[in-house]
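Asker: Generate coordinates for the sequence data below:
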Amino acid sequence: MKSRNPHIGSAVDDYLEAEDLLTEANEIAIKRVIAWQLQQEITSRQMTKTSVAKAMGTSRAAVDRLLDPENTSVTLNTLGKAASVLGKRIKIELVEA
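Answerer: Numbering: from 1, shown residues only. This next block holds a predicted model:
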């Protein structure tokens with residue numbers, strides 16, 4: 001008799017949690033969404049990365065890091081500045097796990 005795969009029929013989150021990858025996967029997913037939203041706002045306002053950086057009082061490299069969907073090490077301060085420049089605000093909340 002074949003051994004049954006314990007992950008068949010389970011949720012992706014269950015698998016990621018079992019492999020200790022859930023937190024990292026969530027961080028990457030959140031950063032990708034934020035980077036996408038910021039890029040959409042920058043594009044809709046016809047701004048350049050350089051003009052965003054100048055308005056934020058930072059470097060173009062910092063804006064590149066902010067828009068990099070793989071870079072999860074962005075500070076709340078940087079997110080707040082970017083949001084403000086784009087006429088937005090950041091909303092963060094804790095939810096049940």
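Asker: contacts and neighbour counts: CA atoms only from here.
Answerer: Noted.
Asker: Now residue 59: closest residue in space, sequence neighbours ignored.
Answerer: Using C-alpha to C-alpha, 6 or more residues apart in numbering and skipping residues adjacent in sequence, the residue nearest residue 59 is residue 53, 5.4 Å away.
Asker: so which helix or strand takes in the residue nearest the centre of the chain?
Answerer: With distances taken as C-alpha atoms, centre = their mean, residue 31 lies nearest the centre of the chain, 0.8 Å away. Assessed by DSSP states H and E, residue 31 sits inside helix 22-44.
Asker: So what touches the helix or strand that comes right after that helix?
Answerer: Heading C-terminal from helix 22-44, the first helix or strand you meet, by DSSP H and E, is helix 49-56. Residues outside helix 49-56 that contact it (C-alpha atoms under 8 Å, 6 or more residues apart in numbering): 42, 59, 60, 62, 63, 64, 81, 82, 85.
Asker: one more time with 7 Å, if that's ok
Answerer: Residues outside helix 49-56 that contact it (C-alpha atoms under 7 Å, 6 or more residues apart in numbering) are 59, 60, 63, 81, 82, 85.
Asker: List the buried residues of stretch 33-44.
Answerer: 34, 35, 38, 39, 42 (16 or more other C-alpha atoms under 10 Å).
Asker: hang on, the earlier thing: which secondary structure elements does the helix holding residue 31 contact?
Answerer: Helices and strands touching helix 22-44, by 3 or more C-alpha pairs under 7 Å, 6 or more residues apart in numbering; DSSP states H and E, are helix 60-67.
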